[in-house]
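# missing the sequence, but the structure's below:
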């Protein structure tokens, strides 16, 4: 009990410092570096503040406000909402995040906080007005990467961010959302269910205390945290003016790898991301195009199902050496799908599954056999792959990942 009270007392000084409205984050970090702890800043004389480089009289005057009113309110809100507060000095605070320019003083955490320094954390970002292609492929890539052991980090925004979180959740993997406001204000509202799922299966992080509105100016600021927690950033789709491009540029500034999902050359949704791919980003078709960069460093985290030959990478950069393919144990029996029962497949998916009974087929063959338009075939294949009904092999070949139950025999 005494230890908890001491922690709460210490947190009050952190919250006091973080809540001073007219003092920039850079100034707060400089004060912390000079004085060591927030309580020493709190009890210092005004003259001592001028020993900090860049300190001005208006800034020093802000520090004369010694009220704990905001700190007490935040502590009460966090207790009510079940939030933990991590300070930049706590052992759980990721070292990876400390290295960025202007790391957050505090993180408000809901859910299960990954140990980011030990994880292959991949940020996935995309435009809020994402096309069906970007939504489908983003969810597929997140599903694959989470299934292979990566932690998926995104911003819980509509469109590309939501697709990334959904894919990771469907794979049963870890995902972390960095939001641009308080935990008690769900934004956008349609993501409430997704927010609740992430809070159970992953973590929701914010540098903003409860009660803070999700203002437009907050999102570019929170993007530095998304990339800062991650080893690399995958942009699924971004027009020329997009928050996803801000995250991509932050990633490059922070020395993170940048990956791009290629888009149609005449689609304005993809103009910004396609340009980045030509300049400095690795093109991505599947999870291994991303995770091959980190498998050698994190062999205990990344579990490749099969190794692939690396594709050509642009911008003069070469991918890391491919790890040797592990010796595979005997293949387990495939799950059984009963087409006569309650299989839950759409008509398009059902036609494709039946067409694959004859063996592995390319997309063009499936289009010809089913007489279904190409766009619908691709959409159905993606959903079937996410649901582990089919598997994709090299060269856009697809095969069944299930065994079909025998058709009931007619009575003699």
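Perfect, thanks for sending it. It should be emphasised that the depicted structure is a prediction, and the values quoted were computed from it without experimental measurement. Numbering: from 1, shown residues only.

# For the rest of this, base every contact and every neighbour count on C-alpha atoms.
OK.

# Give me the distance between the residue lying closest to residue 49 once chain neighbours are set aside and residue 233.
Excluding the flanking residues, the one nearest residue 49 by C-alpha to C-alpha, 6 or more residues apart in numbering is residue 60, at 6.3 Å. Distance from residue 60 to residue 233, counting by C-alpha to C-alpha, to the nearest Å: 38 Å.

# who's more crowded, these two?
More neighbours surround residue 233 than the other of residue 60 and residue 233, with 32 against 17 (other C-alpha atoms under 10 Å).

# what mean pLDDT does the helix or strand harbouring that one have?
Per DSSP states H and E, residue 233 falls inside strand 232-237. Strand 232-237 carries an average pLDDT of 90.

# packing partners for that strand?
With contacts taken as 3 or more C-alpha pairs under 8 Å, 6 or more residues apart in numbering; DSSP states H and E, strand 232-237 sits against strand 121-126, helix 132-147, helix 243-253, strand 257-260, helix 271-279.

# Go again with 7 Å.
When contacts are defined as 3 or more C-alpha pairs under 7 Å, 6 or more residues apart in numbering; DSSP states H and E, strand 232-237 sits against strand 121-126, helix 132-147, helix 243-253, strand 257-260.

# List the neighbouring strands of that strand plus their orientation.
Using DSSP bridges, strand 232-237 pairs in its sheet with strand 121-126 (parallel), strand 257-260 (parallel).

# ok, and residue 176, which helix or strand is that part of?
Short version, using DSSP H and E: residue 176 is in strand 175-178.

# now that strand, how far from the centre of its chain.
5 Å (C-alpha atoms, centre = their mean, to the nearest Å).

# and the next helix or strand after that strand, which residues are buried?
Where DSSP H and E defines the elements, the next helix or strand beyond strand 175-178 is helix 192-201. Of all the residues in helix 192-201, those buried under the rule 16 or more other C-alpha atoms under 10 Å are 195, 197-199, 201.

# Out of these, which comes closest to residue 221?
Using C-alpha to C-alpha, residue 195 is the member of the buried residues of helix 192-201 that sits closest to residue 221, with 20.4 Å.

# any idea whether residue 117 is helix, strand or coil?
At residue 117, secondary structure determined by DSSP: H, G, I helix; E, B strand; the rest coil is helix.

# quick one on the thing from earlier: so which of the strands paired with strand 232-237 comes closest to residue 346?
When the strands paired with strand 232-237 are compared by C-alpha to C-alpha, strand 121-126 sits nearest residue 346, at 27.8 Å.

# Name the residues that touch the closest one?
For strand 121-126, the external contacting residues (C-alpha atoms under 7 Å, 6 or more residues apart in numbering) are 150-154, 159-161, 164, 226-227, 229-238, 244.

# quick revisit: out of the strands paired with strand 232-237, deepest packed?
Highest mean neighbour count of these: strand 121-126, a mean of 32 (counted as mean count of other C-alpha atoms under 10 Å).

# Give me the buried positions along stretch 344-357.
Neighbour-count burial for stretch 344-357 [16+ other C-alpha under 10 Å]: 348-353, 355-356.

# Kindly report the same for stretch 30-41.
30-32, 35, 38-39, 41.

# how about the helices in the stretch 1-150 of the chain?
Assigned helices in the stretch 1-150 of the chain, in chain order: 2-19, 25-35, 38-42, 46-49, 57-62, 69-81, 95-98, 132-147 (criterion: DSSP state H, counting those that start in this stretch).

# As JSON lines, these with distance to residue 118 and mean pLDDT would be great.
JSON lines is the format used below for those (distance: least, C-alpha to C-alpha, whole Å; pLDDT from 0 to 100):
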{"stretch": "helix 2-19", "distance to residue 118": "26", "mean pLDDT": "78"}
{"stretch": "helix 25-35", "distance to residue 118": "26", "mean pLDDT": "95"}
{"stretch": "helix 38-42", "distance to residue 118": "29", "mean pLDDT": "96"}
{"stretch": "helix 46-49", "distance to residue 118": "38", "mean pLDDT": "90"}
{"stretch": "helix 57-62", "distance to residue 118": "38", "mean pLDDT": "92"}
{"stretch": "helix 69-81", "distance to residue 118": "27", "mean pLDDT": "96"}
{"stretch": "helix 95-98", "distance to residue 118": "10", "mean pLDDT": "96"}
{"stretch": "helix 132-147", "distance to residue 118": "15", "mean pLDDT": "92"}
